[in-house]
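Colleague: output the structure for:
(one chain, ligands or ions: 2)
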Amino acid sequence: MEPTSTTDLTTDGLEQQLIELESIKARLTARQISLLREADRRQTPLGDGCRSLGEWTAGRLDVAPETAKALVTACRVLETVPDQEQRLGSGLGSFDRIIATAHLTVAGASPDRVEQAAGLDIPGVRRLTAMHRRMAPIDEQQMFSDRYVSMQPTLDRTAYRLWGQLPGLDGQLVEQALLTRADTFPTLPDETRSSPGQRNADALVSIAADSLTTSSGDQNDSGSGPVLSVFTNHDLAAGSDGQAGSVTSTGISVGRSTIEEIFCTGSTEHISFQNGQPVAAGRTTRVIPPKLRRAVLYRDGGCTADGCTSRYRLQPHHKIPWSQGGRTDPANLTTLCWFHHHVVIHKSGYTIQPDSPPGRLRFQKPPGNGPP
Ligand SMILES: [Zn+2]
Ligand SMILES: [Zn+2]
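Modeller: Ligands and ions are numbered 1, 2, ... in the order given. Okay, the predicted model is just below:
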């Protein structure tokens, strides 16, 4: 293949080259697969102290666990379907097509069916495979006993990673619950929608928040939320514009916008430090006392975002943030639903347009503030 500048290519040529490269990738992957199989035969991973070929592959090739898993799965499935492995080695189809076809064969589809599958797109081949797959009781039990959900904080505990596996129907139930919850959220103020992954994340967090507060059934008074305490080292906080010096009681570092949200919904504890030792601890206080919170919710009667009819987890919010001298009194408090409060303001960095009427708040995104 002649390396031509991409701008010089005709559209046909461009498409042609993309397809040729996919075929080259298939041939290279076939070679990797046969090398992996040989490494497996020599039990190299065990000798290197790895628990599995997948773990060894991820480490040695410096690839993500899911990439390694796809290679190892391909290695195993192609072992039983040599003609598809040959096709891969000759570049007679993309890697995904050949692996999907191999799975269909392993699931017990007749050679005629496998041949017809060439006329389907890859999701179609996968659906056909699902129809053919035998699920003996022992397989179903195995799938259930393989279930897990894992959560791991990153080293600096500023985020958590989640992954896991659920049996098919349970997975679908969770997926449906997340979609249903996400559908109740309004759009962002600029009429854009969060990405599907972001909407899943918001849905999961809101379902978890419901399960931790007794008032999930009473959506008019559910703004209280679980008590979250923040410890602040005032020397560090003052020297960093509030960006450092604050952690929750479980040691998670939080920045200014999270603290501002806790000032609206949670409680704080102030601890002073001298020579690294805590010297005085203040009382745990809810920043907005429950009586004031109820009064503001009653006054506003619902979310004050323009056009929002959500009554989900209504929460009072400081219009002028505490960090800018905003006070905890009725004039500076307004009621917002969970989405407008948590997602739009405190997590995405929108601010209230100063000239919007108190009961019909509009939002603006300051340039360079918050995620794009
Ligand atoms: Zn707030
Ligand atoms: Zn709202």
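
Colleague: number of nearby residues for the spatially closest residue to residue 77 that is not a sequence neighbour?
Modeller: With Cβ to Cβ, 6 or more residues apart in numbering as the measure, residue 102 is the residue that lies nearest to residue 77, at 4.9 Å, once sequence neighbours are left out. Where you see a C-beta, it was placed from the backbone N, CA and C, and this is true even at glycine. In terms of burial, residue 102 registers 26 neighbours under the definition other Cβ atoms under 10 Å.

Colleague: after the strand or helix carrying residue 102, which helix or strand is next?
Modeller: Under the criterion of DSSP states H and E, residue 102 resides in helix 95-106. Secondary structure here is assigned by DSSP H and E; on that basis, the next helix or strand after helix 95-106 toward the C-terminus is helix 111-116.

Colleague: got the CA coordinates for the very next helix or strand once past that next one in PDB?
Modeller: Next in sequence after helix 111-116, counting helices and strands by DSSP H and E, comes helix 122-132. Extracted in PDB, the C-alpha atoms of helix 122-132 (Å, rounded to 0.1, in the frame of the first residue of the first chain):
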ATOM      1  CA  ILE A 122     -22.100  -8.100  13.600                       C
ATOM      2  CA  PRO A 123     -24.900  -7.300  16.200                       C
ATOM      3  CA  GLY A 124     -27.100  -9.500  14.100                       C
ATOM      4  CA  VAL A 125     -24.600 -12.400  14.300                       C
ATOM      5  CA  ARG A 126     -24.400 -11.900  18.000                       C
ATOM      6  CA  ARG A 127     -28.200 -12.100  18.400                       C
ATOM      7  CA  LEU A 128     -28.300 -15.300  16.300                       C
ATOM      8  CA  THR A 129     -25.600 -16.700  18.500                       C
ATOM      9  CA  ALA A 130     -27.600 -15.900  21.600                       C
ATOM     10  CA  MET A 131     -30.500 -17.900  20.100                       C
ATOM     11  CA  HIS A 132     -28.300 -20.900  19.500                       C
END
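
Colleague: which parts of the helix or strand just after helix 122-132 are buried?
Modeller: Per DSSP H and E, the first helix or strand lying C-terminal to helix 122-132 is helix 137-145. Of the residues in helix 137-145, those buried by neighbour count under the rule 16 or more other Cβ atoms under 10 Å are residue 143.

Colleague: contacts for helix 137-145 next, please.
Modeller: Counting contacts by Cβ atoms under 8 Å, 6 or more residues apart in numbering, the residues outside helix 137-145 that touch it are 167-168.

Colleague: tell me the spacing between residue 298 and residue 335.
Modeller: Applying Cβ to Cβ, to the nearest Å, one obtains 9 Å for the distance of residue 298 from residue 335.
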